[in-house]
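> Just to be clear, the model below is a prediction. Sequence and coordinates:
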Amino acid sequence: MWEGHPAPAKTIGAVMSLLHRQRMHSISADIARTARRAQDVLGATAERTVAFILSRLNKDGGFRGRGGASDLYYSFFAAAALDALGVQPPRTDLAAFLVRQGSPASLDFIHAACLARLRALLEGPALPSADRAALAARIEDFRAAGGGYKHSNACTGGSVYGCLMASLVHEDLGVAVPDPDGILACINQLRTADGAYANEQSLPLGTTTATAGALVLLDALDRPPDEPALRWLASQWSDAGGFIATPGAPVPDLLSTGTALYALTRLHRPLPVSAHKCGDAIRAFLDPSGGFRGVVFDTMPDCEYTFYGLLAVGCAAGNSSIVDSR
């Protein structure tokens, strides 16, 4: 397709029992497994991608994002991308960087979540139970009145992004999500008139990323597939190659493409194009450096988009409905 054209915190049995009690099925572990399938098709490109990620490592042990400074958010995606490619993240460097980030209580939602997920990825079962509790407690500080999670203090209520990220954190930590029914209620309130889902209640129209996230959460909560939303999601494929963020968006983007492909693959829905077209679309986001760009005309690949590129490749590689007939 390309050439020529975290560790669980408990034993598998304990984790399965925990997830059963939560009434949630794995999201984080399934995303990681899907991204790892990219190794099957990347070939020599994988070496360039690893080299790109490692080139983003700063002397302070963190990975930089769009600017020069190290950032928890991009450091998580760098570590997750390396893990997907079968390469051990630089644990000593990252551990030193994490020590300097302060307590979870000093961080906003997204950075507290990334701190928790990084520590779970790096330390696995060795992560102390007291630290797990403190990290989970910080996430609970962002519970919205309606039962979901808000991804920032500016949110008036829960968001799809907040609910999804909180679920990922709890899964990585091996801690049960409190009140999963609250997450379900939040997601149901975010359904839009066009049959999709918005990230927040203040937004009138659905977006691809929010709809994909909502569908994944509903599946994890054992809810029946939302067929209208699945059809809406598939319809966001653009002839330009990839998924667009919302109807009328001028160009596809990799975040929308990766999340839409994952939701459709997870729910066993056929992808809207052949392997040939899907591969061409994903390849267009690949930078010569080995990293992935957010849109095809972006000049700056980064570790976040590189992970979503690997996720997109993994979805295409593992989707039985895509067979390259060439």
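That came through, no problem. Numbers count the residues shown, from 1 in each chain.
> quick one, strands of the stretch 151-300 of the chain?
237-238, 242-243 (DSSP state E, counting those that start in this stretch).
> Just name the most buried of those strands.
strand 242-243 (a mean of 28; mean count of other Cβ atoms under 10 Å). All C-beta spots, glycine's among them, are computed from the backbone N, C-alpha and C.
> So, low pLDDT: which residues of the protein?
Confidence mapping of the chain against pLDDT under 70 gives the ranges 1-24, 154, 318-326.
> 50 instead?
Counting by pLDDT under 50, the chain shows low-confidence ranges at 1-23, 320-326.
> The closest residue to residue 142 other than its chain neighbours: what's it in contact with?
Ranked by Cβ to Cβ, 6 or more residues apart in numbering and with sequence neighbours excluded, the top spatial neighbour of residue 142 is residue 109, at 4.7 Å. When contacts are counted by Cβ atoms under 8 Å, 6 or more residues apart in numbering, residue 109 touches 139, 142, 149, 150, 151, 152, 162, 165.
> so which of the residues you listed would you say is closest to residue 261?
residue 165 (19.3 Å; Cβ to Cβ).
> Residue 47 versus the closest one, what's the distance?
31 Å (Cβ to Cβ, to the nearest Å).
> More neighbours: which of the two?
Just comparing residue 165 and residue 47: by other Cβ atoms under 10 Å the higher neighbour count belongs to residue 165, 23 against 13.
> I'd say the more buried one and residue 148 touch.
No: assessed by Cβ atoms under 8 Å, residue 165 is found out of contact with residue 148, at 11.0 Å.
> And for residue 273, the neighbour number?
18.
> Repeat that for residue 96.
13.
> ok, it - contacts?
Residue 96 makes contact with 60, 61, according to Cβ under 8 Å, 6+ apart.
> That one: what secondary structure?
helix (DSSP: H, G, I helix; E, B strand; the rest coil).
> how close does it get to residue 25?
35 Å.
> Residue 175 is in contact with residue 131, isn't it?
No: at 11.1 Å, residue 175 and residue 131 do not qualify as touching, with contact defined as Cβ under 8 Å.
> For the stretch 201-326 of the chain, just list every one of the helices.
With DSSP state H, counting those that start in this stretch as the criterion, the stretch 201-326 of the chain has helices at 208-220, 227-234, 254-266, 275-283, 303-318.
> For these, please prepare TSV with the additional fields mean neighbour count and distance to residue 184.
Below are those laid out as TSV (neighbours: other Cβ atoms under 10 Å; distance: least, Cβ to Cβ, whole Å):
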stretch	mean neighbour count	distance to residue 184
helix 208-220	26	8
helix 227-234	18	15
helix 254-266	26	17
helix 275-283	20	31
helix 303-318	26	25
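> and residue 198, which of those is closest to it?
The nearest among the helices of the stretch 201-326 of the chain, by Cβ to Cβ, is helix 208-220 at 5.6 Å.
> relative to helix 227-234, how tilted is that closest one?
Helix 208-220 runs at 140 degrees relative to helix 227-234, counting by axes from the mean of the first three to the mean of the last three Cα atoms, to 10 degrees.
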